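# with the input below, show me the fold.
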Amino acid sequence: MFDNLTNRLNTIFDRLRGYGRLTEENVQEALREVRVALLEADVNFKVVKGFIERVRAKAIGQDVLKSLTPGQQVVKVVRDELVELLGGSAHRLAMAPHPPTVIMLVGLQGSGKTTTAAKLARLFQKSGQHPILASADVYRPAAIEQLKTLGAGLGLPVLGDPAASPVAICRAARDEAAQRGLSPLILDTAGRLHIDEEMLAELKAIKREVSPHHVLLVVDAMTGQDAVTVADKFNAAVGVDAFVLTKMDGDARGGAALSVREVTGRPIAFVGMGEKTDALEPFHPDRLAARILGMGDVLSLVEKAQAVVDQDQAEELAKKIRSERFSLEDFAQQLKQLRSMGPLEQIMDMVPFFKGAGGMPKEMRGEESELRRYEAIIASMTPGEREEPSIINGSRRMRIARGSGTQVSDVNRLLKQHAQLKKMMKGLKQMEGRMGKLKGSLPFLGR
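Numbers count the residues shown, from 1 in each chain. All right, here's what the predicted structure looks like:
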């Protein structure tokens, strides 16, 4: 979402870093360009004005201009102010001492409330909680059924009666959750295409009746300045505790993420990064600021890897690599784990090298489809062929290509890359052996 802004800012900061010494004029000129970049990213103009003034006050200070690396110091000032603009620290939802903790989702129709309800439930489920869902949207056709389908996929209870009133549904859901000891209770309320008094009155009635612990406004991040207007109106009328920004994996300019907290004073709690129920992440202001400035997001990358990598499997794989037994079956497992972390382009955006270089290189853009082809090819092999690819002759390669819907050239490329990978691993093993011999004479290598 922030690719264009990142590229613009990197160009500006690269020029600043190139100066041996900075002057106030250099900084003023750079900040004018930063101002234009933020406005083009659809950030609220009042937010931009305040942000630039705060950065200017710090960036033209003597401590910055007379430092050994003034360009880097200015980047640090911008980074710190971006973190503050986005909320300063991560916002977490506190759980009530007695179940259920009631979380009420509000927002316009089409913002992604129903999907977000299921995503939020899965997030709590993974942390050891026992969530329950309730749909109070009796107006949108099949809204209740949609939530029930999503809940069934997660193995979670979903309440909702199209013949009952939204307030009655929420009241009954709260009582049921309390009786069964389930928490949190996530309420999916009805939305409209635009804000109207009838919708706001209904939301106020639900809030009075069930006294939710958290009211989360679900906002479509791709709507830009409109998202800020919606957030301000909902907060004034109903009272919002925090935001969930959806569709953050889209290609919009991203101004909503940089504006809603400053305009409303309410933090961002979660961001939606895709359509699947596992595509909801806690919001970290410092990590998003780093990604916007091309510094990557290694912490989120590590967390994604930890969520999908089995420690026992990782240790077994390490043993196989050392003993040169890395088979195509192992390769397929690694591809599966990599793809389960999310789209390859999102993963590459978290790596500082790629993010700072303007994102994933063009030559890697087709890698995701290539990985899918490789998985299909390996799935078309027999267990013996996966374990020992050297037995695959010409006729077997043709059969594998037909079975996987690929070309023989694709099969050949996979086998060649696997052979090269094994050769590289053999070289690493030999290097490890040589380093081991050196440790006796050079003890610091062990450390």
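# list the buried ones in stretch 219-226?
219, 220, 221, 222, 223, 224 (16 or more other Cβ atoms under 10 Å). In short, each C-beta sits where N, CA and C put it, glycine included.
# no, scratch that, I was asking about stretch 200-210
For stretch 200-210, a neighbour-count test (16+ other Cβ under 10 Å) marks 200, 202, 203, 206, 207, 210 as buried.
# for it, C-alpha coordinates in CSV please.
What follows is the C-alpha trace of stretch 200-210 in CSV, where atoms were taken according to Å, rounded to 0.1, in the frame of the first residue of the first chain:
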residue,chain,number,x,y,z
LEU,A,200,-26.5,5.5,14.7
ALA,A,201,-29.6,5.2,16.9
GLU,A,202,-29.5,1.4,16.6
LEU,A,203,-25.8,1.3,17.5
LYS,A,204,-26.4,3.5,20.5
ALA,A,205,-29.2,1.2,21.7
ILE,A,206,-27.0,-1.9,21.4
LYS,A,207,-24.2,-0.1,23.3
ARG,A,208,-26.6,0.9,26.1
GLU,A,209,-28.0,-2.6,26.4
VAL,A,210,-24.9,-4.8,26.4
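# let me see the residues that make contact with that stretch.
Residues from elsewhere that reach stretch 200-210 (Cβ atoms under 8 Å, 6 or more residues apart in numbering): 102, 104, 106, 136, 166-167, 170-171, 174, 187, 189-190, 215, 237-239.
# go with 6 Å
The contact list for stretch 200-210 (Cβ atoms under 6 Å, 6 or more residues apart in numbering) reads 102, 106, 166, 167, 170, 171, 174, 237, 238.
# most widely separated two among those?
174 and 237 (22.4 Å; Cβ to Cβ).
# picking up where we left off before, so which of the contacts of stretch 200-210 sit within strands?
The strands, defined by DSSP state E, take in 102, 106 from the contacts of stretch 200-210.
# so which of the contacts of stretch 200-210 is the closest to residue 377?
Taking the contacts of stretch 200-210 together and measuring to residue 377 by Cβ to Cβ, the closest member is residue 106, at 47.6 Å.
# from residue 372, how far out is the closest one?
Per Cβ to Cβ, to the nearest Å, residue 106 is found 38 Å from residue 372.
# contact partners for residue 381?
Counting by Cβ under 6 Å, 6+ apart, residue 381 touches residue 400.
# any regions of the stretch 251-400 of the chain where pLDDT drops low?
Where the stretch 251-400 of the chain drops to pLDDT under 70, the residues are 251-254, 294-325, 338-368.
# strands along the chain, start to end?
Under DSSP E, the chain gives strands at 102-106, 132-135, 158-159, 185-188, 214-220, 242-246, 268-272, 280-282.
# quick one: closest of those strands to residue 179.
The nearest among the strands of the chain, by Cβ to Cβ, is strand 132-135 at 10.7 Å.
# of all the residues in the closest one, which ones are buried?
Buried residues in strand 132-135 (16+ other Cβ under 10 Å): 132, 133, 134, 135.
# tabulate these (CSV), appending distance to residue 94.
Below are those laid out as CSV (distance: Cβ to Cβ, whole Å):
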residue, distance to residue 94
132, 18
133, 20
134, 21
135, 25
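# out of the residues you listed, which is nearest to residue 391?
Using Cβ to Cβ, residue 133 is the member of those that lies nearest residue 391, at 51.6 Å.
# give me the pLDDT for the closest one.
On pLDDT, residue 133 comes in at 97.
# how many neighbouring residues does the closest residue to it other than its chain neighbours have?
In this structure, residue 133 finds its nearest non-sequential neighbour in residue 158, 4.5 Å apart by Cβ to Cβ, 6 or more residues apart in numbering. Counted by other Cβ atoms under 10 Å, the residues lying close to residue 158 total 24.
# show me the chain divided up by domain.
As given by automatic domain parsing, the domain ranges for the chain are 3-85, 102-295, 302-441.
# can you name the residues that contact the residue most central in space within the chain?
The centroid of the chain falls nearest to residue 273 when counting by Cα atoms, centre = their mean (4.8 Å). With contacts defined as Cβ under 6 Å, 6+ apart, the neighbours of residue 273 are 248, 249, 279, 281.
# what's the answer for residue 157, then?
Contacts for residue 157 (Cβ under 6 Å, 6+ apart) come out as residue 132.
# state the distance from it to residue 270.
When residue 157 is compared with residue 270 (using Cβ to Cβ), they lie 22 Å apart.
# ok, now how distant is residue 337 from residue 328?
15 Å.
# and the two? which has more neighbours close in?
residue 328 (20 against 15).
# ok, back up a step: can you tell me which of the domains of the chain is most buried?
The highest average neighbour count among the domains of the chain, using mean count of other Cβ atoms under 10 Å, belongs to domain 102-295 at a mean of 20.
# turn the domains of the chain into TSV, including distance to residue 93.
Formatted as TSV, the domains of the chain follow (distance: least, Cβ to Cβ, whole Å):
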stretch	distance to residue 93
domain 3-85	21
domain 102-295	5
domain 302-441	18
